[in-house]
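**Q** take a look and give me a structure for this.
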Amino acid sequence: MENSPDVFSIDGEGDARKAMVSTSSTPLDGSGYRLFGREASVYNCMGGGKVADVLLWKQRLVSFGVIVVATVAWFLFEWSELSFLSICSDVLLILIVVLFLCANYAVYRNKQPQALPELVLSEEMVNDAAASFRVKINNVLLIAHDITLGKDFILFFKVVLSLWLLSVIGSFFSFFTIAYVGSIILITVPALYSKYEQHVDKYYGMIHQQFSKRYKVVDDNVFSRLPRSFSKDKDS
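**A** Here you go, the predicted model:
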């Protein structure tokens, strides 16, 4: 059985519509389909480091600690009726007082105070991080350029829909609540998906197949009739 390409992949000209229509059909029962068309395991997709261990609950105490810290922070920012600046100032004040007391206690006991840890970054590490950041920023700017010129109508529709949904959600919930919910989802959903990966991929494959059929009908009747001369004039 041939592997079907990703639904949202685009060709060299950024035409997501053609790539979506040309997607080969998945089996009727959804078997063999993997979420987002990935080939590696969930652990490898997350980098395979300490972050992946925490998100997949391979270090249960650390993962549980993340949930506890996120819950306490959300409670402080959302229900304590204190401003963000006040809470940050209080935390820094307590930290400075504790360090001051520890340093003076060490002098009183004729002990050498502990040296502050230093942040050591090699030139190679900084250059690699800057190069990676530059490539990602350029890719984002290139995608934004294609959206504004109307080269990719599907991507334009996704961006508009996502921004509208964020606007609607933001009108009902505060930023700290959204950040808290996002943190809880990030620490729980990957672990649950890794545990029930086969079942999720099976049902998602079936949904993906039905969506591809419906999209082909809409594409033949709507998207294919949209004028495409505007983007071609821009290119010339």
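**Q** point to the residue nearest the middle of the protein.
**A** Taking CA atoms, centre = their mean, the centroid of the chain lies closest to Leu186, which sits 8.7 Å from it.
**Q** which strands or helices does the strand or helix carrying that residue pack on?
**A** Following DSSP states H and E, one finds Leu186 within helix 175-195. In terms of contacts (3 or more CB pairs under 8 Å, 6 or more residues apart in numbering; DSSP states H and E), helix 175-195 is packed against helix 42-45, helix 50-55, helix 60-79. Where C-beta positions appear, they are placed from N, C-alpha and C, glycine not excepted.
**Q** which stretch among those helices comes nearest Ile154?
**A** helix 42-45 (23.9 Å; CB to CB).
**Q** Glu123: how many residues sit nearby?
**A** Residues within reach of Glu123, counting by other CB atoms under 10 Å, total 7.
**Q** likewise the one 5 residues further on?
**A** Residues contacting Asp128 under the criterion other CB under 10 Å number 11.
**Q** return the helix or strand in this structure with minimum mean pLDDT.
**A** None of the helices or strands of the chain scores lower by mean pLDDT, DSSP states H and E than helix 16-21, at a mean of 42.
**Q** nearest spatial neighbour of Lys50, skipping sequence neighbours?
**A** Gln59 (7.9 Å; CB to CB, 6 or more residues apart in numbering).
**Q** for the one you found, phi and psi?
**A** Dihedral pair for Gln59: phi -120, psi 90, per degrees, to the nearest 10.
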